[in-house]
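**Q** Return atomic coordinates for the entry below.
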Amino acid sequence: MKRLGVLLFVVLLLPILAACTSTAEVRTVIVTAPAPAAVPPQRVLDLIPQNFDATMFLATVCGACHGSDLKGKIGPNLVDAALRLSAVELAVIIAGGRHGTSMPAWSSVLTPAQIEDLVQEIPDWNK
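**A** Numbers count the residues shown, from 1 in each chain. Modelled structure (predicted):
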């Protein structure tokens, strides 16, 4: 009877010991940083000259996030984007911004004609 009690004790204790001594659970934690803060379009008004120049705007304002060559910095490569996207798609992005990113909506600052000038200038940048 004593042997049966010891055997029963060992049988019941084994699963508990196995659970306590098994390999540690590995967890993957993904940490995402918030999008970098962009210059609000209202503050950019001071940077825009009275006579709008798309080349100057791309170099100074857009270049702050997309790099002076527009090939990406904080923001994506605009030269490649101009090859992948239509002129209408680019205009919509410039006018409306990109939700969840630091790309602001420029429709409150630029006229549709100025946005169109930017769209036309991007594919030929630095050629």
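**Q** Can you report how many residues lie near residue 81?
**A** 18 (other Cβ atoms under 10 Å). In short, each C-beta sits where N, CA and C put it, glycine included.
**Q** What separation is there between it and residue 51?
**A** Distance of residue 81 to residue 51, given as Cβ to Cβ, to the nearest Å: 27 Å.
**Q** Name all residues that make contact with residue 66.
**A** By Cβ atoms under 8 Å, 6 or more residues apart in numbering, residue 66 lies in contact with 72, 73, 74, 75, 76, 77, 78.
**Q** What does the pLDDT read for it?
**A** For residue 66, the pLDDT comes out at 92.
**Q** Tell me who's in contact with the closest residue to it other than its chain neighbours.
**A** Nearest non-adjacent residue to residue 66, counting by Cβ to Cβ, 6 or more residues apart in numbering: residue 75, 4.4 Å away. By Cβ under 8 Å, 6+ apart, residue 75 lies in contact with 65, 66, 101, 102, 103.
**Q** how far away is residue 75 from residue 122?
**A** In terms of Cβ to Cβ, residue 75 sits 12 Å off from residue 122.
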